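[1] Curious how this folds, go ahead:
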Amino acid sequence: MNYILRDLSQTKTYQSFIKNDKYPITLSGLVCVSKSALIALTQKEKSKKILVITYNELQAQRLIKDLSYFCDNVVYFPKKEISIYDYDVESSDILYKRMDILNKINTEKSLIVVTTIEAVMQKMIDKNSLFENKIKVSNDSQISFDEIKEKLIKLGYERKPIVEGRQDFSIRGNILDIALDEQEGIRIETWGDDVDSIRTFNISSQRSTEMVKNVEIAPTKENVLDDSFENIAKKIESNYTNLTKDILSDVEEIRQGNYENKIDKYFNEFYISQNNILDYCNDFNVFIDEPDKVSQRIDSIKEDNKNLIADITERERFVPEALENILDFEFDKKDVINLKEADEKQNHFDFREVNLFKGDIKNLEIGLKDAIKSNKKIVILAGSKENRNKITNIIKNIEDLKLTNIAEVDDLDNILLKPGEIILSTGAISSGFENRETKMLVVSSDEFLNVQKKRIKRTNDKFTTR
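    Sure thing, here's the model as predicted:
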């Protein structure tokens, strides 16, 4: 296990927390990277998947960077962009990204999902409806191309003469090709109705790569249908007493199969049973990053949504049902673990954020000398091996720095660090911090290798630096 995590596991507060099963739990005194360290350590100790909810996308990306240093399989679940007008087109990249994460949530045993409260407040298709039509094929099975074609279309795939990218499938004689992503597909060859072989293939070259025994085809987007076009159209006609010309036009388009840009408008008719991302993660440990900030963001989202609906109504335009479905939450009534920087009397960690360099090598000298004098254990994360060598040379050239030991390692697994020692390793985190209870100081290379960029000004249409 990473030394930073092992050091954290020795603190009294962590030992108390890991034995506690009475939720909600609030842990305080956690600054910057220490939150990610705690989350990663909890996953390793409890062997459970984890959902982390934070207050905005910028903080989500910072958490992901730090979590990715401590553990693998950290992913980001983005919010869905709700279509306001018929001609709005959400980025396919976002739709694919969300579906990739939902598939991971449904299948993988070890996973940390980071998301924002805005994504949590959005309603989605019911989990069972999304995954009930997954296609499973094995070498000893039988399949009907007519049936599998209908299922693929229902899962969001589109038939093409040849598979050229994600969401495509093709049928050529007794060969069925299905794209798994932009680069790779699965090729199923039959003899009659019997599956003769299953192979992966490269979409760019169209060449088969390796044999597999079985395959599972998941939805390509979350906007799959759990009802027929006709039934959805009838539900809209039934639920709207004032069938305007625009609504009738929408209904006719849905009957003809032109439905994707209508889902947000008639979300309740497309999906009677609805979930949110918490429902998909019902067996996860849930961490709330800065619950006060999350609560403030909830209020802001609701107010922004209210104003948007009022504006759309004032313009006498149709208010998409997906906008009206924004959820509210009271996290203090849920089984969550709240992570707070602010100090509280109970469940308090003794961390502080550290910036030793501050743009001046003298500050680094003073900071390291003080840390060694105080018998602190010092870890410097240099990012790359090249940076590690540079930092080692900087430290060795500091005058009067009384080092008992300095070592370079590729990772922090299975190392033992004594007071007054310095370990330099690869890997990167967003900022440095100190665990004052265990007297461990962690320094981030980001602060002193990414020196402030030179300011640039325009002079007589030429750029000069100063």
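
[2] contacts for stretch 324-331?
    With Cβ atoms under 8 Å, 6 or more residues apart in numbering as the contact definition, stretch 324-331 has outside contacts at 24, 117, 120-123, 267-268, 274, 276, 288, 291, 294-295, 298, 301-302, 305, 309, 338. Where you see a C-beta, it was placed from the backbone N, CA and C, and this is true even at glycine.

[3] Any buried residues in the helix with the most length in the chain, and which?
    If each helix of the chain is counted by residues according to DSSP state H, the longest one is helix 291-314. Applying a neighbour-count criterion of 16 or more other Cβ atoms under 10 Å, one finds 291, 293-295, 297-298, 301, 305, 312 buried in helix 291-314.

[4] buried sites along the helix or strand that that helix is followed by?
    Using DSSP states H and E, the helix or strand that directly follows helix 291-314 along the chain is helix 321-324. For helix 321-324, a neighbour-count test (16+ other Cβ under 10 Å) marks 321-323 as buried.

[5] ok now helix 321-324, how far from the chain's centre?
    Taking Cα atoms, centre = their mean, to the nearest Å, one finds the center of helix 321-324 at 24 Å from the center of the full chain.

[6] Give me the contacts around the helix or strand following that helix.
    Downstream of helix 321-324, the first helix or strand assigned by DSSP H and E is strand 336-339. Strand 336-339 is contacted by residues 23-27, 30, 35, 38-39, 42, 285-291, 331 when judged by Cβ under 8 Å, 6+ apart.

[7] and if we set it to 6 Å?
    Under the criterion Cβ atoms under 6 Å, 6 or more residues apart in numbering, residues 24-27, 30, 35, 286-289, 291 lie in contact with strand 336-339.

[8] and what of stretch 116-128?
    Around stretch 116-128, the neighbours that count as contacts under Cβ under 6 Å, 6+ apart are 53, 57, 60, 77, 79-80, 222, 271, 273-277, 280, 294, 297-298, 301, 325-327.

[9] What of stretch 301-315?
    118, 319, 323, 326.

[10] mind listing the strands for the stretch 101-250 of the chain?
    112-116, 124-125, 135-138, 158-159, 168-172, 175-179, 184-191, 194-202, 208-211, 214-217 (DSSP state E, counting those that start in this stretch).

[11] rewinding a little: want to throw the buried residues of helix 291-314 into CSV with pLDDT and distance to residue 373?
    What follows is the buried residues of helix 291-314, written out as CSV (pLDDT from 0 to 100; distance: Cβ to Cβ, whole Å):
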residue, pLDDT, distance to residue 373
291, 93, 38
293, 95, 37
294, 95, 40
295, 93, 43
297, 95, 43
298, 95, 47
301, 95, 49
305, 94, 55
312, 94, 64
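
[12] Specify which member of the residues you listed is nearest to residue 170.
    residue 312 (41.1 Å; Cβ to Cβ).

[13] any idea how far the closest one is from residue 199?
    Distance from residue 312 to residue 199, counting by Cβ to Cβ, to the nearest Å: 50 Å.

[14] Could you report the pLDDT at residue 92?
    For residue 92, the model assigns a pLDDT of 78.

[15] in stretch 356-374, what's buried?
    Quick answer for stretch 356-374 (16+ other Cβ under 10 Å): 356-357, 364-365, 367-368, 371-372.

[16] Can you tell me which of these end up in strands?
    Among the buried residues of stretch 356-374, none falls in strands (DSSP state E).

[17] which two from those end up farthest apart in space?
    Farthest pair in the buried residues of stretch 356-374, by Cβ to Cβ: 357 and 372, 16.4 Å.

[18] Look at the residue minimising distance to the centre of the chain and tell me its secondary structure.
    Taking Cα atoms, centre = their mean, the centroid of the chain lies closest to residue 76, which sits 1.1 Å from it. Following DSSP: H, G, I helix; E, B strand; the rest coil, we place residue 76 in the strand state.

[19] pretty sure it contacts residue 114?
    Yes: taking Cβ atoms under 6 Å as the definition, residue 76 is a contact partner of residue 114 at 5.3 Å.

[20] can you give me the strands in the stretch 351-466 of the chain?
    Along the stretch 351-466 of the chain, counting by DSSP E, counting those that start in this stretch, strands occupy 351-354, 377-381, 405-409, 421-425, 432-435, 440-444, 456-459, 462-465.

[21] Walk me through the domains of this protein.
    For the chain, automatic domain parsing gives the domain ranges 13-126+271-339, 135-217, 352-449.

[22] weakest of those domains by average pLDDT?
    Mean pLDDT across those is lowest at domain 352-449; the value there is a mean of 85.

[23] what separates that domain from the chain centre, distance-wise?
    Offset of domain 352-449 from its chain centre (Cα atoms, centre = their mean): 30 Å.

[24] The residue lying closest to residue 196 once chain neighbours are set aside - how many residues pack around it?
    For residue 196, ignoring the flanking residues on the chain, the nearest one in space by Cβ to Cβ, 6 or more residues apart in numbering is residue 189 at 4.9 Å. Residue 189: 15 surrounding residues under other Cβ atoms under 10 Å.

[25] Could you give the bridge partners of residue 189?
    The residues listed as beta-bridge partners of residue 189 by DSSP bridges are residue 175, residue 197.

[26] Could you double-check that it sits in contact with residue 195?
    No: using Cβ under 6 Å as the test, residue 189 is too far from residue 195 to be in contact (7.7 Å).

[27] related to what we said a few turns ago, now do the contacts for the residue nearest to the centre of the chain.
    Counting by Cβ under 6 Å, 6+ apart, the residues that residue 76 touches are 64, 114.

[28] Tell me how many other residues crowd residue 170.
    Residue 170, neighbours per other Cβ under 10 Å, totals 18.

[29] Pull up the gap between the residue nearest to it when sequence neighbours are not counted and residue 206, please.
    Excluding the flanking residues, the one nearest residue 170 by Cβ to Cβ, 6+ apart is residue 177, at 4.8 Å. Relative to residue 206, residue 177 is positioned 8 Å away (Cβ to Cβ).

[30] Could you check which of these two has the larger neighbour count?
    Between residue 177 and residue 206, counted using other Cβ under 10 Å, residue 177 has the larger neighbour count: 21 against 13.

[31] Contact partners for that one?
    With Cβ under 6 Å, 6+ apart, residue 177 has these contacts: 163, 170, 185, 187.

[32] got the residues you listed as TSV, with distance to residue 439 columns?
    Listed next are those as TSV, based on distance: Cβ to Cβ, whole Å:
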residue	distance to residue 439
163	58
170	63
185	54
187	58
